[in-house]
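In: Here is my input, please return the structure:
(3 chains)
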Amino acid sequence: MTIQTSSPTGRRLLTMYDSMLDHFGPQGWWPAQTPLEMMVGAVLTQNTNWGNVEKALGSLKKGGELTLERLHRLPVESLADAVRPAGYFNIKAQRLKNLIRFMMEAYGGDIPRMLEDESRRLRSGLLGVKGIGPETADSILLYAAFRPVFVVDTYTHRMLSRHDLADEQASYDELQAVFTDALPEDVPLFQEFHALIVRTGKEYCRKKPLCDLCPVRGVDR
DNA sequence: CACCAGGCAAGTA
DNA sequence: TACTTGCATGGT
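Out: Next up is the predicted model:
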């Protein structure tokens, strides 16, 4: 399958995408069995290694707490204890409670209904939750609600600025626009692209900043 | 020992 | 608007 693009930026982005895909293969994000697990994981992974998030999610699953009703009833102190391995556990427990309350109050606890809501309304609702910022909200939109929004993270920022596709001090919205202005609204593409940026950033951008090994030419130069 | 991980909010000027 | 700081465990 070939992605259609008309702009030079779009072709450049797709070249980077192809290089990363060839090198690492499909990443298959998001690693979750249910939309709720995806959303909980999105909060837990904020500035945190995914391995630690898996420990926290495993703890919740083992206790049978990974349902909306159980999380709603679970005391925040107990929730904090369960998500301890993910770090920032007091903050994240409260943020999860905030998200759960939002789903209960705005959608009556009906997750499928929430995920079918209009994109802008859902996004602004999520951003109104204390602890849900633009990356977490967009991750939920892309990987749980399957909306064509591009997720921007620190690796995305680093990659675009090093390729001179964005300013070093570009805002979240500006970085997001680089992708959405140049690429078609393709959900599977956006899902895989973001995952590959993270995968590539982990491998090369910090520990091994070597251009000749990087699948994306020009990164870390 | 230092450094970092798939952010975010609150405080300051 | 544009910085700075706190939050915290676990791996390298």
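In: Which segments of chain A make up each domain?
Out: A:8-28+A:150-205, A:35-143 (automatic domain parsing).
In: can you count the residues close to residue A:56?
Out: Counted by other C-beta atoms under 10 Å, the residues lying close to residue A:56 total 23. No exception for glycine: its C-beta is placed from N, CA and C like everyone else's.
In: could you list every residue that touches it?
Out: Residue A:56 makes contacts with A:44, A:82, A:83, A:84, A:85, A:86, as judged by C-beta atoms under 8 Å, 6 or more residues apart in numbering.
In: got the contact list for the residue in chain A that DNA strand B sits nearest to?
Out: Sorted by distance to DNA strand B under C-beta to the nearest atom of the strand, the residues of chain A start with residue A:133, at 2.1 Å. When contacts are counted by C-beta under 8 Å, 6+ apart, residue A:133 is found next to residue A:127.
In: For it, give its distance to residue A:186.
Out: Summarising the geometry, the distance separating residue A:133 from residue A:186, computed by C-beta to C-beta, to the nearest Å, is 24 Å.
In: next one: residue A:110
Out: Taking C-beta to C-beta, one finds residue A:110 at 28 Å from residue A:186.
In: And the strands in chain A, which stretches?
Out: Under the criterion DSSP state E, chain A carries no strands.
In: Flag every residue of it that's near DNA strand B.
Out: Contacts of chain A with DNA strand B, taken as C-beta under 7 Å from any atom of the strand, map to A:29-31, A:41-42, A:45-50, A:52, A:87-88, A:91, A:129-137, A:139, A:143, A:153-155, A:198, A:202, A:206.
In: What subset of these is buried?
Out: A:29-30, A:41-42, A:45-46, A:48, A:52, A:87-88, A:129, A:132, A:134-137, A:139, A:143, A:153, A:155, A:198 (16 or more other C-beta atoms under 10 Å).
In: Among those residues, which ones lie close to DNA strand C?
Out: Taking C-beta under 7 Å from any atom of the strand as the test, DNA strand C is in contact with A:48, A:52, A:87, A:88 out of those.
In: Using JSON lines, lay out those together with pLDDT.
Out: Converted to JSON lines, those look like this (pLDDT from 0 to 100):
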{"residue": "A:48", "pLDDT": "98"}
{"residue": "A:52", "pLDDT": "98"}
{"residue": "A:87", "pLDDT": "98"}
{"residue": "A:88", "pLDDT": "98"}
